[in-house]
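I'd like to go over a predicted model; first the sequence, then the structure.
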Amino acid sequence: MASSFNRVILAGNMTRDPEARALPSGQALTKFSLAVNRAYTTKEGEKREEVTYVDIESYGKQAEIIAKYCGKGSGILVEGRLKLDQWEDKKTGEKRSRLGVVLENFTFIGGKAQGGEEGGSAPRSRGGNDSPSPAPDNGGDDVPF
């Protein structure tokens, strides 16, 4: 029997200020886009860089923290799961889809975040969302091998 594993870890900078709102249930939702850079050298020795833009959704207390302390250019490390959104375009009737990430954990990285807080020293945030339970504790070992 095949098993599945859906985990994404990305580090990058926000491309715009986070968009925060409350769902009808009252739960906080914050959406933002993350720019993830990849530097590489071609076979000819030319240095290049490519950027991938990823849409991120966060929920609950994590969404509130991100909306309060982050802004355009903020560095953030995101752990989450891939989510495929599918819909029909109202104008053309064509089927559309978008692959994004639902945030489960995050860490501020880089210099100062908005509000003068040190982004690199912020504690890792957990909980307050609709994600599965956190990973089991491996007895305090940093690396299991």
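Looks like it came in fine. Values in this document were obtained by computation on a predicted structure and should not be read as measured data. Numbering: from 1, shown residues only.

wait, what's in contact with the residue lying closest to E64 once chain neighbours are set aside?
Once flanking residues are discounted, E64 sits nearest to A28: 4.8 Å by Cβ to Cβ, 6 or more residues apart in numbering. In this view, the C-beta of every residue, glycine as well, is placed from N, C-alpha and C. Taking Cβ atoms under 8 Å, 6 or more residues apart in numbering as the definition of contact, the neighbours of A28 are 20-22, 59-61, 63-64, 67.

cool, and V54?
Neighbouring residues of V54 by Cβ under 8 Å, 6+ apart: 10, 12, 33-34, 36, 100-101.

Can you flag which of the residues you listed belong to helices?
Of those, none are assigned to helices by DSSP state H.

tell me which of the residues you listed is nearest to D55?
G100 (4.0 Å; Cβ to Cβ).

residue at max distance from the center of the protein?
For the chain, the largest distance from the centre (Cα atoms, centre = their mean) belongs to E44, which lies 34.1 Å off.

Am I right that that residue falls within a strand?
No: per DSSP: H, G, I helix; E, B strand; the rest coil, E44 lies outside any strand segment and is coil.

and it, what pLDDT?
pLDDT for E44: 95.

circling back: buried among the contacts of V54? Need that as a selection in PyMOL.
With 16 or more other Cβ atoms under 10 Å as the criterion, this PyMOL line picks the buried residues out of the contacts of V54:
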select buried, resi 10+12+33+34+100+101
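
Let's have the contacts of V54 in CSV, adding distance to E88 and pLDDT.
As requested, the contacts of V54 are exported to CSV (distance: Cβ to Cβ, whole Å; pLDDT from 0 to 100):
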residue, distance to E88, pLDDT
L10, 29, 98
G12, 31, 97
S33, 23, 97
L34, 27, 97
V36, 29, 97
G100, 18, 97
V101, 23, 98
